[in-house]
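*Asks:* return atomic coordinates for the entry below.
(one chain, ligands or ions: 2)
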Amino acid sequence: MEHMSKQEEELFHLARVAFTGRVQDVALLVRKYARRYRDSSPEFAKSLTDLLRKNPTRSDPTRRVETSGLPLDGDSRLPLIRVNEVPVLEMEPVYDTRTWSALRQVVRERKQIDKLAEAGVDPTRTMLFTGPPGVGKTLAAKWIAREIGKPLAVLDLSSVMSSFLGRTGNNIRAVLDYAKDHDCVLLLDELDAVAKRRNDTGEIGELKRLVNVILQEIDEWPPSGLLLAATNHADLLDSAVWRRFELVTEFPLPQADGLEAVLKNHLELDSDSSWPAVLSSALVGSSHSDAYQLACQARRVAVLEEADLEIGLQQTMGNIVADLSRAGRQKFAISLVEGNLLSQRQSSELTGVSRDTIRKHIHSPGGN
Ligand SMILES: Nc1ncnc2c1ncn2[C@@H]1O[C@H](COP(=O)(O)OP(=O)(O)O)[C@@H](O)[C@H]1O
Ligand SMILES: [Mg+2]
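*Replies:* Ligands and ions are numbered 1, 2, ... in the order given. You can find the predicted model right below:
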């Protein structure tokens, strides 16, 4: 432990106590920290005491969720929803300004709910996220729940669509009732799963009833709760569904700067490294998740090869190259050399673009 700073030591200790699950002990420590920081960092100390005052052991909704039974599937007796007590994000999300402003707005409303109530205005109750897979729609729900400090209940409609629609309806109703009774954020994930069944003509009647159950719930959702829904196939949802949501937020594929930010977050490179910028230009058209996966893979390769991350990246680049057009490949080959990431020879080998072509186009020779 000698190598730990005082703060690291405390954090470590807190983590260890937290793992024992004894909330009283955690509270004790937090109280101690609040006292310690009262003079040097009054705002921080106040946030800690606020936390304590909310008394997470008894009155906090996160506690209620944990102790009350989750709705179960009638047959399998497995829980129908996942509940994230206080969601922990595996990463900080990266969105464009428009998406961010919509997300921040709902959080702001929830944080200042008293102010809205005084004016007799309800906060946004229902919100639909649309966009291709892997752009952070599910992540956004976690982010919102974390920001407003509520548990997130997730109902994945693609997994709850049972072969018996009647049962599916019961299951969905059970989950919605549960969410209305508990102070949580509810995410109906993969909402299009319901719509997808449309083509099966044999069950049109059942399905209509099911969709109606959901639509009615959306309409009647209480302002005290927040109902989020996400879909990868906005085109599959009929307009009746769209119209029910108070807010529809689009999650577009990221631009190069968004991809670069994701890569930067996950590749622990020097801040002046040009890898993220060069890779992100070549990745345009991919999702945040694709960029994240690329970073993970490069890191795995680097670890197993006991090599630098740069080597890991070189070995993972094949996937990017395969998806590029001829012109794109050429541009990528050149940027690798201009960014001083690879020699002309290496770049040529990895991208399949001839050295002649590379040499002809580069502005600053990056070695050979
Ligand atoms: N906007 C984003 N910012 C950072 N990481 C992201 C983003 N979008 C996706 N990811 C990464 O991809 C994973 C899957 O994203 P997810 O939220 O499930 O996408 P979606 O719900 O839109 O299909 C996330 O856990 C995260 O690792
Ligand atoms: Mg998702």
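*Asks:* the protein: strands as residue ranges?
*Replies:* With DSSP state E as the definition, the chain shows strands at residue ranges 82-84, 126-130, 152-156, 185-189, 226-231, 247-250.
*Asks:* let me have those in JSON lines, extended by mean neighbour count, distance to ligand 2 and mean pLDDT.
*Replies:* C-beta coordinates here come from the backbone N, C-alpha and C atoms, glycine included. As requested, the strands of the chain are exported to JSON lines (neighbours: other CB atoms under 10 Å; distance: least, CB to the ion, whole Å; pLDDT from 0 to 100):
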{"stretch": "strand 82-84", "mean neighbour count": "18", "distance to ligand 2": "12", "mean pLDDT": "82"}
{"stretch": "strand 126-130", "mean neighbour count": "24", "distance to ligand 2": "8", "mean pLDDT": "96"}
{"stretch": "strand 152-156", "mean neighbour count": "23", "distance to ligand 2": "9", "mean pLDDT": "91"}
{"stretch": "strand 185-189", "mean neighbour count": "26", "distance to ligand 2": "6", "mean pLDDT": "95"}
{"stretch": "strand 226-231", "mean neighbour count": "26", "distance to ligand 2": "6", "mean pLDDT": "95"}
{"stretch": "strand 247-250", "mean neighbour count": "16", "distance to ligand 2": "14", "mean pLDDT": "96"}
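*Asks:* any idea which of the ones you listed gets closest to Thr168?
*Replies:* Put simply, out of those the one that sits nearest Thr168 is strand 152-156, at 11.1 Å, with distance taken as CB to CB.
*Asks:* the inter-axis angle of the closest one versus strand 226-231?
*Replies:* For strand 152-156 against strand 226-231, the angle between stretch directions is 30 degrees (axes from the mean of the first three to the mean of the last three CA atoms, to 10 degrees).
*Asks:* just list what strand 152-156 packs against, helices and strands only.
*Replies:* In terms of contacts (3 or more CB pairs under 8 Å, 6 or more residues apart in numbering; DSSP states H and E), strand 152-156 is packed against strand 82-84, helix 137-148, helix 165-181, strand 185-189.
*Asks:* which residues touch the first one?
*Replies:* Same thing as strand 82-84. Val65, Glu66, Leu70, Lys142, Ala145, Pro151, Leu152, Ala153, Val154, Asp156, Cys184 (CB atoms under 8 Å, 6 or more residues apart in numbering).
*Asks:* try 6 Å
*Replies:* Contacts made with strand 82-84 from outside it, assessed by CB atoms under 6 Å, 6 or more residues apart in numbering, are listed as Val65, Pro151, Leu152, Ala153, Val154.
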